[in-house]
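Asker: okay, predicted coordinates and the sequence, questions at the end:
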Amino acid sequence: MSEPIQYCRYYNGEEECPASIQESGNEYLWSYEKFRVKDDDRRDENNLNTREYTRCGLKDFNVDDGVPITLKALLFNRHHHWTGGYDMESDREGFKQWYLEFYLGSE
């Protein structure tokens, strides 16, 4: 198994979120990545988030971007929790747009 931290864009093993990430408003992404790195169950491809992500038709979404499906599934779960709840089609499309434009588009 590869080192899970290598897939993180925000979390780099720090105990506390760096001020630069806090100032950019991305502390929540740092905490999601940290949570995934620290929790073996979050990296299991059969976990609840990944099953939900697959059930929502996202299994083949952007598969060649180098981001593990378990990390995308966690991000989808949190995105759906905070901004979704309308209907699955709009939640799925909203996540795709956010993921491509914001998560992958920012560093």
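Answerer: Perfect, thanks for sending it.
Asker: for the rest of this, base every contact and every neighbour count on C-alpha atoms.
Answerer: Fine.
Asker: once you drop chain neighbours, what's closest to E45?
Answerer: T70 (6.0 Å; Cα to Cα, 6 or more residues apart in numbering).
Asker: and the one you found, which of the three is it?
Answerer: Assigned with DSSP: H, G, I helix; E, B strand; the rest coil, T70 falls in the helix class.
Asker: tell me, how many residues neighbour it?
Answerer: 22 (other Cα atoms under 10 Å).
Asker: ok, it - contacts?
Answerer: R42, R43, D44, E45, N49, T50 (Cα atoms under 8 Å, 6 or more residues apart in numbering).
Asker: let me have those residues in TSV, adding distance to E23 and pLDDT as columns.
Answerer: Formatted as TSV, these follow (distance: Cα to Cα, whole Å; pLDDT from 0 to 100):
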residue	distance to E23	pLDDT
R42	27	71
R43	28	73
D44	32	77
E45	33	80
N49	29	92
T50	30	93
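Asker: in the chain, where is pLDDT below threshold?
Answerer: Applying pLDDT under 70 to the chain flags residues 1-2, 40-41, 106-107.
Asker: for it, which residue occupies the most central location?
Answerer: L75 (2.7 Å; Cα atoms, centre = their mean).
Asker: now it: closest residue in space that isn't a chain neighbour?
Answerer: Nearest non-adjacent residue to L75 (Cα to Cα, 6+ apart): Y32, at 7.5 Å.
Asker: checking E89 next. Helix, strand or coil?
Answerer: helix.
Asker: begin at 37 from now on, thanks
Answerer: Understood, numbering begins at 37; the last thing we discussed is E125.
Asker: helix or strand for the residue nearest to the centre of the chain, which one?
Answerer: In the assignment (DSSP states H and E), L111 maps to helix 105-119.
Asker: picking up where we left off before, so which of the contacts of T106 belong to helices?
Answerer: N85, T86 (DSSP state H).
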